[in-house]
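Novice: Return atomic coordinates for the entry below.
(one chain, ligands or ions: 1)
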Amino acid sequence: MELQDIQGLLVRAHGELPEAAYLMLSIREVPQARNWLKDQLPQLATGSQKAPDRRIQLAFTYSGMEKLGAQQFVKHGFSVEYVQGMTSLHKSRFLGDLEQSAPENWQWGGTKTEAIDMVWMLFAADKASLESHISAMKAALPQSGLAFIHCLDTQGNPHQKEHFGFRDGMSQPVIPGLSKVGTPENTVPEGEFILGYKNAYDQFPETPVVDPMHDPENLLAESANFPGLKDFGKNGSYMVFRQLTQDVSGFWASVFSAVKNENSEAGIAESVHLAAKMVGRWPNGKPVSLAPDQEMPYDKEKDEGYLYAAHDADGCGCPFGAHVRRANPRDAMPDNQPASAIRISNRHRILRRGRNFGPPLAASFAPQELIEALPDGQERGLQFICFNSNIQRQFEFIQHSWSNNTKFAGLYSDPDPILGIKDSRDKGETHDFTMQGKLLRRKLRGLRRHVHVIGGAYFFMPGLRALKFLAHFSPKNA
Ligand code: HEM
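Specialist: Below you'll find the predicted structure:
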């Protein structure tokens, strides 16, 4: 793969750089913005280098692309989801962005906030370096033709845990051109995540193409699908960004009261057990499918390729409705043999690159301390970021058809127990979480939503050649 042309965040999560911030910007003066882009190019992190102290990445919403001339130079091929964005009424219903999570209530990217054209992502080794680079960037904005809209902070996370207290970021697809090792079942073709390479259908993904007359310097690669045209998308990817708040006290209080309702003697251990079944992993990351009754040591080498069909087809280890089993059913899907289930699952994979924001409710992230901590009124959650080459078939499918689907895998009224779907209920409607059992299944009724959306947008993260093309594009050639 052309690693030197791929932005680094697609290749690695920049985990060695614990500090990060994302600046949401608007393009005000196009010629200055193009010059600024030219200056940024040598500073951008690529897949072939690992700068030790600071890495920058850039991505654009469709409105940003339009300002930089996309309507003139792109013949066709940007995805409809990217062009339309994630805030229409139809999309909100589709994604479950309802009530409190509706785009009209968002802090950025919503229907009542200023339009975002691009995101400048900075990863740094320490807070001082992060802050000094952000100050320098902000000071240079007026001359750069850009305006500052919003800054999204993140929280360094030495425990690698999301705010509910569960280890996160382990299960990722293995991409042959990028990752070193992985099981065949977890190996997914490059083109599922990066444009310009073959996808799971053995085809090149849809990609924005350009008439060569707009590329007099011959910066772009030839299109594989359309001979004679240039490929603006090559080595780029669609980046889904959703800022999700997590009500940690509310989550654990509801889990704790659910186990108390069943057995008044029950306490912390039972709460952790129930919450682990909802996630599909124990707090230390051990899949509940491999350790159904109690937390066991997590072994990345041995555990990560785990499958469901051979030993957990009935959901008695990991419930069908658990967050991770919905988000990636692996080899177990109703009415499918394991091989075809894998094939289907792997057509709906995403490459996750999210980070926490806000202080942890308890510094240790230990469930016992999270349960015992008093609500502190602070905003915290996940800057959910994922890459895919087909937003509709990958991110949106997982969100809509698996996570939000109350009838998933033969269930009846069960949405994703971690993400939830609605704050209020229509008359007679309940949301449940079902745990399959050998003799009796267990049902937790009256599930509440503890994760809300407060911002979001679809971005495109171009390859380096495409960025250079953007910086040099001259509308007079159009
Ligand atoms: C605040 C919200 C969220 C929390 C707390 C959360 C938490 C987790 C945790 C603890 C894991 C297990 C760790 C791992 O497998 O790496 C996980 C896995 C995963 N999550 Fe989420 N998640 C959230 C939002 C989402 C969203 C919005 C999506 C996509 C629509 C998603 C998709 C996935 C996927 C694909 C996996 C990997 C499943 C697998 O391959 O086994 N998550 N999540």
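Novice: Mark out where each domain of the chain begins and ends.
Specialist: Taking automatic domain parsing as the criterion, the chain consists of the domains 3-241+461-477, 244-385+397-455.
Novice: Near the ligand, which residues of this protein are found?
Specialist: The chain comes close to the ligand at residues 162, 164, 166, 168-171, 244, 246, 279, 281, 323-324, 327-328, 350, 381-382, 384, 395, 398-399, 403, 418-419, 451, as judged by Cβ under 6 Å from any ligand atom. Quick note: C-beta positions are derived from backbone N, CA and C, even for glycine.
Novice: which of the residues you listed count as buried?
Specialist: 162, 164, 166, 168-169, 171, 244, 246, 279, 281, 323-324, 327-328, 350, 381-382, 384, 395, 398-399, 403, 418-419, 451 (16 or more other Cβ atoms under 10 Å).
Novice: pretty sure Met24 is touching Leu146, no?
Specialist: No - using Cβ atoms under 8 Å, Met24 makes no contact with Leu146, being 10.6 Å away.
Novice: so what sits against both of these two?
Specialist: Shared contacts of Met24 and Leu146, defined by Cβ atoms under 8 Å, 6 or more residues apart in numbering, comprise Met118.
Novice: and Ala466, how many neighbours does it have?
Specialist: 26 (other Cβ atoms under 10 Å).
Novice: my bad, Ala339
Specialist: For Ala339, using other Cβ under 10 Å, the count is 10.
Novice: Shouldn't Ile344 be within a strand?
Specialist: No - according to DSSP: H, G, I helix; E, B strand; the rest coil, Ile344 belongs to no strand; its state is helix.
Novice: which one is it nearest to, not counting chain neighbours?
Specialist: Beyond its immediate neighbours in the sequence, the residue positioned closest to Ile344 (Cβ to Cβ, 6 or more residues apart in numbering) is Met333, lying 6.1 Å away.
Novice: Please settle this for me: is that neighbour part of a helix?
Specialist: No - applying three-state DSSP, one finds Met333 to be coil, outside a helix.
Novice: shouldn't it be in contact with Ser345?
Specialist: Yes - contact criterion Cβ under 8 Å: Met333 and Ser345 qualify, at 7.1 Å.
Novice: Looking at the two, which one has more neighbours?
Specialist: Applying other Cβ under 10 Å to Met333 and Ser345 shows that Ser345 carries more neighbours, namely 22 against 19.
Novice: pLDDT score assigned to the residue in the stretch 101-250 of the chain that the ligand sits nearest to?
Specialist: Across the stretch 101-250 of the chain, no residue is closer to the ligand than Ser171, which sits at 3.3 Å (Cβ to the nearest ligand atom). For Ser171, the model assigns a pLDDT of 96.
Novice: so who does it touch?
Specialist: With contacts defined as Cβ under 8 Å, 6+ apart, the neighbours of Ser171 are 304, 324, 328.
Novice: what's the answer for Gly233, then?
Specialist: 77, 195-196, 205, 207-209, 460, 462, 466.
Novice: So which of the residues of the chain next to the ligand sit within helices?
Specialist: Among the residues of the chain next to the ligand, the members found in helices (DSSP state H) are 279, 323-324, 327.
Novice: Narrow the residues of the chain next to the ligand to those in strands?
Specialist: Among the residues of the chain next to the ligand, the subset assigned to strands under DSSP state E consists of 244, 246, 381-382, 384, 451.
Novice: Got phi/psi on Lys443?
Specialist: phi -120, psi 130 (degrees, to the nearest 10).
Novice: Please apply the same query to the one 3 residues further on.
Specialist: In this entry, Gly446 is assigned phi and psi values of phi 70, psi 40 (degrees, to the nearest 10).
Novice: Could you look up the SS state of the residue nearest to it when sequence neighbours are not counted?
Specialist: For Gly446, ignoring the flanking residues on the chain, the nearest one in space by Cβ to Cβ, 6+ apart is Thr430 at 6.0 Å. Following three-state DSSP, Thr430 is assigned to coil.
Novice: Now do the same for Thr430: its pLDDT.
Specialist: Value listed for Thr430 in the pLDDT field: 88.
Novice: What about the nearest residue to Pro31 once chain neighbours are set aside, how many residues nearby?
Specialist: Spatially, and ignoring its direct neighbours in sequence, Pro31 is nearest to Gly145 (6.9 Å; Cβ to Cβ, 6+ apart). Gly145 has 19 neighbours, counted by other Cβ under 10 Å.
Novice: so who does Gly145 touch?
Specialist: 27-33, 35-36.
Novice: so which of the residues you listed would you say is closest to Pro287?
Specialist: Of all the contacts of Gly145, Ile27 has the smallest distance to Pro287: 44.5 Å, by Cβ to Cβ.
Novice: what pairs with that closest one across the strands?
Specialist: Beta bridges link Ile27 to Leu146, judged by DSSP bridges.
Novice: That one is in contact with Ala33, isn't it?
Specialist: Yes - using Cβ under 8 Å as the test, Ile27 is close enough to Ala33 to be in contact (4.7 Å).
Novice: for this protein, which helix is longest?
Specialist: helix 127-144.
Novice: any idea how far the closest residue to Gln203 other than its chain neighbours is from Asp299?
Specialist: In this structure, Gln203 finds its nearest non-sequential neighbour in Gly191, 7.6 Å apart by Cβ to Cβ, 6+ apart. Separation of Gly191 from Asp299 (Cβ to Cβ, to the nearest Å): 31 Å.
Novice: Between the two, point out the one with more neighbours.
Specialist: Neighbour totals were compared for Gly191 and Asp299, and Gly191 leads with 23 against 11 (other Cβ under 10 Å).
Novice: which residues sit in contact with that one?
Specialist: Residues counted as contacts of Gly191 (Cβ under 8 Å, 6+ apart) are 197-200, 203-205, 389.
Novice: cool, Pro158 as well?
Specialist: The contact partners of Pro158, by Cβ under 8 Å, 6+ apart, come to Pro18.
Novice: Tell me the secondary structure at it.
Specialist: Under the three-state scheme (three-state DSSP), Pro158 adopts coil.
Novice: If I look at the nearest residue to Asn388 once chain neighbours are set aside, what pLDDT would I see?
Specialist: Leaving aside its sequence neighbours, Asn388 sits nearest to Gln394 (Cβ to Cβ, 6+ apart; 3.6 Å). At Gln394, the model reports a pLDDT of 98.
Novice: again, but for the one 4 residues further on
Specialist: What the model reports for Ile398 is a pLDDT of 98.
Novice: for Lys476, same thing?
Specialist: What the model reports as pLDDT for Lys476 is 68.
Novice: repeat for Ser179
Specialist: pLDDT, Ser179: 75.
Novice: neighbours around it, how many?
Specialist: Ser179: 15 surrounding residues under other Cβ under 10 Å.
Novice: So it, which state does it fall into?
Specialist: Ser179 is classified as coil under three-state DSSP.
Novice: distance of Ser401 from Val324?
Specialist: 16 Å.
Novice: which secondary structure elements does the helix or strand containing His311 contact?
Specialist: In this structure, His311 sits in helix 309-312 according to DSSP states H and E. Packing partners of helix 309-312 (3 or more Cβ pairs under 8 Å, 6 or more residues apart in numbering; DSSP states H and E): helix 338-345.
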